[in-house]
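> Okay, structure incoming, though there's no sequence with it:
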């Protein structure tokens, strides 16, 4: 996917879009997250050597880094896939959050608050819990997991959307979130029931629920990559449509748009991205609300800027959060979902208090 | 009567609209000739806004609506958006959006899917901002503007659409009389300069009469009177359909309607 | 007391090793010298090119085994749950949430663990660190096997054989010391105060079976669908009316004969009426290492006291 930057315009006011400075800032954030994520850990490695090993991954490059085989394996087999997966998951969650906010014209929309993540979680649990008893807890995720997660995610968002309109024709941000909470609770109950019925796979489900970034390998990266690419391409292709949708369906229609068509396309794409993220990483909340909101405040309200920047900053945010999760209490790990919730819950309250459009 | 050589921009025949099972418009006939300004008047609930939305292609309807001779429901959306532009009664003001970006939304039908605004789109917007004296507001946030400024911006977006037919739903309802006049004068000037066809709805009967070439009086979903302001703004017609006692005074630009205590 | 026992076992092992008894090592490669095993050795999928000198154990049972076969000096780190023996180099490494990098940071040449959680075997293998998995035993034979395997890997085969021989003999003696009964005693084995228990199919259950005892939990998991660890309802327990109650939650959850007696509705259970409530050492009861002999002894001591 290519992101075009604004060429300098002679006029004083420039049309909204991705500003080169912000784009560069996003790239910088990703680079910082990658270097920090690779350099820090229980085994201390010189950042220069880590950078050299990183360059060695490029074809044709051969730099002597001074690391032994085991240290190289730590960088390339343990830390790098984990950082890359963190980038992908964070990018998907942040971008899906931004897309949901645009589609529902709701500043509180977030993959978790809408029940999407719970739906995806139920899908994953169903696959893990019901697969044949021969599958041991250590094997890689089955290929079917993202698909099951996707079905669960779409089902959940549809349910939330329908419930959000009951008791009145209008969906205010608050009723939508209330519906999301109800759907989440219901799906979580269904998930608990499934887990109780399949006690033998309980441990595996729990280890997945608490976030699998700790066990990230290249397998997970490869599993997620195609979904991330499809989601990213679709959502970015609709960034201008999302800006048009901010004026409401009727005005968007009079401007020549098919609002429902764009909406369904975006919903499916965002749910696909959420499902892929949830299936490899477990339940990590609040990324979809923290990142797009901060960007909206700092870099402007246009989705042409929020969406691509959410990809970059969302990825960097989660990779850095994961760094905190695995180093703050080392060698034990804090589940990454706990760290994002610590940051996200106060942020959520802040959004509630400052956003006038939230109250019904 | 319409002379055969004039072109009909908006042709409505037997238009009926049902919303939620209620018949809102009942076999409405209406014509707007190219370059003409027609204003629909009528009491609350008469179906004025519904008629405008139907003409804009935003509602399902029975009957026939032609825009420049083509049925509105057969025109692809983008083409329709290049033909007819609507300023809603209470347009949504997207939080945080800048005036320039809002006006650029008007260029949506010209931007290919996956594309971005071209230099000609930007030029068209510059042109409109210029014409409506909005250049200095281009970098401002729409939600920080005053009512009069906002109405000019809404109009600017519709103009940026490059459509020759403009639908205005209560364009002055949120404005004080000074700004009401300013906006209506602006529309009239643009109509002359750009050859626009205007179909509007209005509450203020005097203003409606002053600016429109013809008026259509809707009541209970039906056209009960149509013609020049002098033909429609009569004490009898208004008393019957608005259930109000009025005095109609001859003004310089047309009849002035003054309600009096009955 | 435990340390004394270990020392005795270790001393006995050395003595036995000196006496060059070959019968226990039948079928296995005979070590050329008492502590100079020949390398490379292969156990399962693990091959050691030379004697491991930096072993990390993430399993309390394996830690006990390693120290009992005199491989203790080769152990550089054990997990946070490895509380025995006291001189084991306990660290904050976790066997439940293993962290590959934290393990690698200690530069081990062999990692012993019981559960492959969080893909730890996969990750350590990527780091080219040999991993030996000694899973939870299903019976005493598994324990003997694992001790033998650890002996082979660490160069203490002789000591390992001596230890298992000694354990076999001790357990045999203990079991024989308990007179048989006409009607089997029934028992309830409590893992935690929410009534999770074990069936006869588990390692723990097999020990009680040696004394001809009947488990009230067997009916709750007849086909092993719950892995032998069913949760019982109080009603099933009251109906099962066990003759004896064994508490494996005395340390973790402060359960005791007194606390069991105080439970509502339990006063009608035979074990409660007759006071046959035995608090076991949680650690000993949850591990399948050399101290299983202590566990067998505790059970025997309790069973002997029950009037026929």
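Sure thing, it's come through. The model shown is predicted, which means the values in this text are computed figures rather than measured ones.
> Which stretches in the chain count as strands?
All of this is about chain A. Counting by DSSP state E, chain A forms no strands at all.
> my question was about chain B
B:8-19, B:22-33, B:37-41, B:62-67, B:70-71, B:84-87, B:165-169, B:197-201, B:214-219, B:222-227, B:246-250, B:255-259.
> quick one: buried residues of the third one?
Within strand B:37-41, the residues that count as buried by 16 or more other C-beta atoms under 10 Å in any protein chain shown are B:37-41. Heads up, the C-betas are built off the backbone N, CA and C, glycines and all.
> I'd like the average pLDDT over that strand.
For strand B:37-41, mean pLDDT rounds to 97.
> The fourth one too?
Along strand B:62-67, the predicted local confidence has a mean pLDDT of 95.
> Need the contact partners of it.
B:8-17, B:27-28, B:54-55, B:57, B:71-73, B:75, B:80, B:83-84, B:165 (C-beta atoms under 8 Å, 6 or more residues apart in numbering or on different chains).
> can you give me the end-to-end distance of stretch B:76-92?
Stretch B:76-92 has an end-to-end distance of 24 Å (criterion: C-alpha to C-alpha, to the nearest Å).
> Any residue of it touching chain A?
Yes. If you take C-beta under 8 Å from any C-beta of the partner chain as the test, stretch B:76-92 does meet chain A, through B:77-78, B:80-82, B:84-86, B:88, B:91-92.
> close enough to count as contact, residue B:229 and residue B:257?
No. Assessed by C-beta atoms under 8 Å, residue B:229 is found out of contact with residue B:257, at 9.7 Å.
> list the residues that contact both of these two?
With C-beta under 8 Å, 6+ apart as the test, residue B:229 and residue B:257 both reach residue B:209.
> Roughly how far does residue C:95 sit from residue A:208?
19 Å (C-beta to C-beta, to the nearest Å).
> Revised request: answer the last question for residue C:126.
The separation that residue C:126 has from residue A:208, given C-beta to C-beta, amounts to 20 Å.
> Looking at those two, which is more packed in?
For residue C:126 versus residue A:208, neighbours defined as other C-beta atoms under 10 Å in any protein chain shown are more numerous around residue A:208 (24 against 20).
> who touches the worst-scoring helix or strand of chain A on mean pLDDT?
Every helix and strand in chain A was compared by mean pLDDT, DSSP states H and E; the lowest is helix A:202-209, with a mean of 73. Residues from elsewhere that reach helix A:202-209 (C-beta under 8 Å, 6+ apart): A:121, A:124-125, A:128-129, A:137, A:195, A:215, A:282-283, C:117-118.
> try it again with 7 Å
A:124-125, A:128-129, A:137, A:195, A:282-283, C:117-118 (C-beta atoms under 7 Å, 6 or more residues apart in numbering or on different chains).
> Next: stretch B:117-131.
By C-beta under 7 Å, 6+ apart, stretch B:117-131 touches A:11, A:15, B:100, B:103-104, B:107, B:110-111, B:135, B:138, B:156, B:159-160, B:162.
> Now do the end-to-end distance for stretch B:232-246.
End to end - C-alpha to C-alpha - stretch B:232-246 spans 13 Å.
> nope, stretch B:30-47 is what I was after
13 Å.
> Please point out which parts of that stretch sit buried.
Here stretch B:30-47 shows B:30-33, B:35-43, B:46-47 as buried, counting by 16+ other C-beta under 10 Å.
> so where's the chain uncertain?
Went with chain A since none was named. Applying pLDDT under 70 to chain A picks out residues A:1-12, A:131-141, A:166-173, A:207, A:210-212, A:355-360.
> that's the other chain; I wanted chain C
Chain C contains residues with pLDDT under 70 at C:1-37.
> Just give me the neighbour total for residue C:294.
Residues near residue C:294, counting by other C-beta under 10 Å: 17.
> Kindly report the same for residue A:181.
15.
> ok, so what distance separates the nearest residue to residue A:84 once chain neighbours are set aside from residue C:50?
Take residue A:84 and drop its neighbours on the chain: the residue closest to it by C-beta to C-beta, 6 or more residues apart in numbering or on different chains is residue A:221, 5.3 Å away. Distance of residue A:221 to residue C:50, given as C-beta to C-beta: 36 Å.
> So what touches stretch A:310-318?
With C-beta under 7 Å, 6+ apart, stretch A:310-318 has contacts from A:26-27, A:29-30, A:32-33, A:86-91, A:93-95, A:98, A:232, A:287, A:291-292, A:295.
> so how far is that stretch off the chain centroid?
8 Å (C-alpha atoms, centre = their mean, to the nearest Å).
> just to revisit the earlier point, format the contacts of helix A:202-209 as a markdown table; extra columns: distance to residue B:223 and neighbour count.
Below are the contacts of helix A:202-209 laid out as a markdown table (distance: C-beta to C-beta, whole Å; neighbours: other C-beta atoms under 10 Å in any protein chain shown):
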| residue | distance to residue B:223 | neighbour count |
| --- | --- | --- |
| A:124 | 61 | 28 |
| A:125 | 62 | 28 |
| A:128 | 67 | 24 |
| A:129 | 66 | 19 |
| A:137 | 75 | 18 |
| A:195 | 67 | 17 |
| A:282 | 64 | 24 |
| A:283 | 60 | 23 |
| C:117 | 78 | 20 |
| C:118 | 76 | 22 |
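> and the stretch 1-150 of chain C, which of its residues are near chain A?
C:92-94, C:97, C:99-102, C:104-105, C:116-119, C:121-123, C:126-128 (C-beta under 7 Å from any C-beta of the partner chain).
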